[in-house]
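K.L.:
Show me the folded form of this:
(2 chains)
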Amino acid sequence: MKSSITRRKFMAATGGVAAGLTALGATPSKVFAGEKTVKIGFLAALTGDAAGWGLPGLYGVEIWAEQINAAGGLEMGGEKYMVEIISYDDEFDAVKATVGAKKLLFEDEVSIVLMLGVTPVLAVKDFMTRNKMLTTTLVPTDISADAPYLFAPVEVHPFYNVTAVDYIARNMPHIKTAAIATQNDELGLSSLATYRAAFEVAGIEIIEENLFGFEVTDFAPVVSKLIAANPDVITWDTAYPDYVNLLTEQAFLQGYKGQFVNCTLDQYDHILSKTSVEFLEGFLWQFPDLDDPIMQGPDTHFDNAAAFYKTYAERYPGAWTAVSWEYAAALEMWRAAVAAAGTFDPPTVAEQLRTLSPVPHAFGDAEWWGEQFFGVNSAALGKWPVVQMQNGKAVIVEMGDVRAWCDQHLDVLKKHFVELGVPLAG
Amino acid sequence: MSRRTCLNAAGIAVVLAVICVLPFVVRPYQLDFLIFLFINVILVVSYRLIAITGEFSLAHAVIMGVGAYASALLASLPISPWISMPLGGVAAAVIAYILSFPLFRMKGFYFLIGSFAAAEAIRLCWVQFNDPFGGFRGLRGIPVLEIDLGDLLYLDLGAPVPYYFFAMIVGLIFLTVMYRIEHSRFGFVFHAVHHKDTLAQSVGVDVRRYRTIAFVTGGFFAGIAGAMLAHYVTAINPGLFGLKQMLFVLVWVLVGGLGHFAGPIIGVTVLSIIDESLRGLDELRPGFYGLVLIATMLFLPDGLVSLPRKVMQWLVWLRKRGEGALARRE
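P.N.:
Got it, this is the predicted structure:
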């Protein structure tokens, strides 16, 4: 039988699709004709290894913007402005981030740029200072005294990891030993320094550590070595989401029965399907679902948290991760500063942001912190939740006080950062 | 002067005129894109210099990084970036020379894997040694190029437009040098070493020596490209010179066409423009980019550089078919 698709037809169709997709790509996601608009830049990895900490955040920011626009827009100086999100995939690459920052600032004229952190932030740091580009990062070790427009308004990674270990020390006295495995990179090492400090303060001995490289694809030996040390608690530190999935699955397959404490447990429904509800029961980590009753309380500062979570879960089933809400939470804080400043002008908003006291953090009142660590108070530090798996659902079991812990044990924290050679500031 | 030479000269003149006008008509971020494109053009053409000897190296991106790190570290001593940049190229060439001893004991697939392992060893040194390489974070605050002649002239080459012209001039000089090398006696031997290495050996050509020369020369130019990148971005880290970047170099060269000097230049230019113009597609971009690559490899196995010839063939075929010289398929 003769095929109805000739090579020429195939090429014509491919060309058509290409032209269409290119046109789509060149068009802003949403245009608000005749309405006043404020633009927000999203400069993070949407593809590649770090996309797991970029793309879910973009989804969250888009939902946040939709909610604001549905309510009539963002209020500033008595007028309403529609919010437009403009994204640029930096691929977690310094060069791409440099190009992206210039595009967002000079061409799109955004009022704030949301970034993930580390490499791309460091690459554009001098540029953002020179051009007074208000920028947020999720990694507070990026901030430094020479970057006055860079803030870590939401996530104080890895410092909040101390709260879950502190919870263990107070509520699980039988836990005396710990084992740690994570990837050997900056996220892994800075988190390792924090866990070392937290375990030291909690009186828990670390009996096994494994820093694996990115070439590792078989995690069975990594987990075997940890389990062989017979620890009371295991942590994957701040391993990348895919690693957490694979490591946890291996621990399940190898019959580990002890406690887990971790920075993240992204897409835990998927991990539950690979393991079991019984296996993950009691797992401790740091990132709640926003429909948690505590997040609806008067002490938190994330408008319509439950509605945000519901929309997210419906639109992107199983995609909820640690960063799904964080970029949006940074925008909540920015919104408060804009309202107080009465302008979108980035330097003025930055100045206003710095004067906020208390800082309206998603998890409650916080204060700007970091001078002793980074040389500048640009990280919002306050409460952070300890989340526990209970019957297959994330539940906040307490709001830990990160700031109090850091104020009390800063020397221990610094000691472990220095020991591991992790820079204290960006 | 033949008609073909005249046409080539006219074509080059038009391209140069367009390149000179571009920085005044494009937007700032597009200017940055063009600067990085110039740097990548040097990178891919220097890679081709090695590849025409018949060996595909996976160390080229790291060799580029050696140039970047060396220049950045020397500039922090402080040595003027005008001196540290060429020294960065020299450092890259020296490292390439050292690597050539173990690597050119191997051929083909073994050379490929060996070059990857050697490159990773260097890259992991940058990761592991915070002092002096800065570990994962790399180096920041790398000085930009300046021309400071006191009251007479001051030019900050850290600004996009001056750096664009700097990168363009350096790029053109290097392309000319590499073109001349390929069309010199050395270049002919490089091709001979690739296609008939046993025959070349039988007439007294030291195959290993020529491969080493190509490897070291290509390394030098890659090192300069790395130094140019470092002194413009002012921040570098090991991730910039990893396997991902190396795979991009391979794709640019192969899709552009290895058989012609212009092939890698066309490859890196076309694919970079496609990649950038698809950025609005967010997470769908790699998939679509992949489709473009597959289509190119399927329909243009000799690379994009063969497109004009293919088009001519299609046109001739269509004309003949129109004239009834060929039997219609349907």
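K.L.:
close to chain A, is stretch B:18-31?
P.N.:
Yes - Stretch B:18-31 is in contact with chain A by C-beta under 8 Å from any C-beta of the partner chain, via B:R27, B:P28, B:Y29. Any C-beta I mention is one placed from the backbone N, CA and C, and that applies to glycine too.
K.L.:
If you rank every helix and strand of the chain by mean pLDDT, what lands last?
P.N.:
You didn't say which chain, so I picked chain A. In chain A, no helix or strand scores lower on mean pLDDT, DSSP states H and E than helix A:7-26, which sits at a mean of 43.
K.L.:
that's the other chain; I wanted chain B
P.N.:
Counting by mean pLDDT, DSSP H and E, chain B has its least confident helix or strand at strand B:154-156, which shows a mean of 79.
K.L.:
Partner strands of that one, with direction?
P.N.:
Its sheet considered, strand B:154-156 pairs with strand B:146-148 (antiparallel) by DSSP bridges.
K.L.:
What parts of chain B come near chain A?
P.N.:
Contact residues (C-beta under 8 Å from any C-beta) of chain B with chain A: B:27-29, B:32-33, B:36, B:127, B:130, B:135-138, B:140-141, B:229, B:233-237, B:239-240, B:244, B:277-286, B:288, B:291-292, B:295, B:299.
K.L.:
Which one of the residues of stretch B:18-31 next to chain A is nearest to A:T300?
P.N.:
The closest of those to A:T300 turns out to be B:Y29 (C-beta to C-beta; 37.8 Å).
K.L.:
what helices or strands is whichever strand or helix holds the closest one leaning on?
P.N.:
Using DSSP states H and E, the element containing B:Y29 is helix B:28-51. In terms of contacts (3 or more C-beta pairs under 8 Å, 6 or more residues apart in numbering or on different chains; DSSP states H and E), helix B:28-51 is packed against helix A:94-102, helix B:3-25, helix B:60-75, helix B:160-182, helix B:207-233, helix B:243-256, helix B:262-277.
K.L.:
Identify the residues contacting B:N130.
P.N.:
For B:N130, the contact set (C-beta atoms under 8 Å, 6 or more residues apart in numbering or on different chains) comprises A:G421, A:P423.
K.L.:
While we're on it, how confident is the model there?
P.N.:
Looking at B:N130, its pLDDT reads 82.
K.L.:
Give the rounded mean pLDDT of stretch B:209-224.
P.N.:
On average, stretch B:209-224 scores 94.
K.L.:
same deal with stretch A:226-236?
P.N.:
Averaged over stretch A:226-236, pLDDT sits at 96.
K.L.:
In that stretch, which residues are buried?
P.N.:
Across stretch A:226-236, burial judged by 16 or more other C-beta atoms under 10 Å in any protein chain shown covers A:L226, A:I227, A:P231, A:D232, A:V233, A:I234, A:T235, A:W236.
K.L.:
First-to-last residue distance for it?
P.N.:
Terminal residues of stretch A:226-236 are spaced 11 Å apart (C-alpha to C-alpha, to the nearest Å).
K.L.:
Got the domain ranges for chain A?
P.N.:
Chain A breaks down into these domains under automatic domain parsing: A:30-156+A:320-381, A:161-285+A:384-419.
K.L.:
Could you dump the ones you listed into a markdown table and include distance to chain B?
P.N.:
Converted to a markdown table, the domains of chain A look like this (distance: least, C-beta to the nearest C-beta, whole Å):
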| stretch | distance to chain B |
| --- | --- |
| domain A:30-156+A:320-381 | 4 |
| domain A:161-285+A:384-419 | 4 |
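K.L.:
Most tightly packed of these?
P.N.:
Among the domains of chain A, the stretch with the highest mean neighbour count (mean count of other C-beta atoms under 10 Å in any protein chain shown) is domain A:30-156+A:320-381, at a mean of 22.
K.L.:
that older thread, relative to helix B:3-25, how tilted is the helix holding B:Y29?
P.N.:
Angle, helix B:28-51 to helix B:3-25, by axes from the mean of the first three to the mean of the last three C-alpha atoms, to 10 degrees: 140 degrees.
K.L.:
For burial, what's the neighbour tally of B:G150?
P.N.:
Neighbourhood size, B:G150 [other C-beta atoms under 10 Å in any protein chain shown]: 6.
K.L.:
all strands for the stretch 251-400 of chain A, in order.
P.N.:
For the stretch 251-400 of chain A, applying DSSP state E, counting those that start in this stretch gives strands covering A:259-260, A:284-285, A:359-361, A:364-369, A:379-381, A:383-390, A:393-401.
K.L.:
Give me the sheet partners of the last one and which way each runs.
P.N.:
Translated: strand A:393-401. Sheet pairing for strand A:393-401, assigned by DSSP bridges, gives strand A:383-390 (antiparallel).
K.L.:
re earlier: buried among the residues of chain B next to chain A? Make that a ChimeraX selection.
P.N.:
Here is the ChimeraX selection string for the buried members of the residues of chain B next to chain A, based on 16+ other C-beta under 10 Å:
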select /B:28,29,32,33,36,127,135,136,137,138,140,229,233,234,235,236,237,239,240,278,279,280,281,282,285,286,288,292
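K.L.:
And the helices in the stretch 151-300 of chain A?
P.N.:
A:161-171, A:186-202, A:220-228, A:241-253, A:268-274, A:277-280 (DSSP state H, counting those that start in this stretch).
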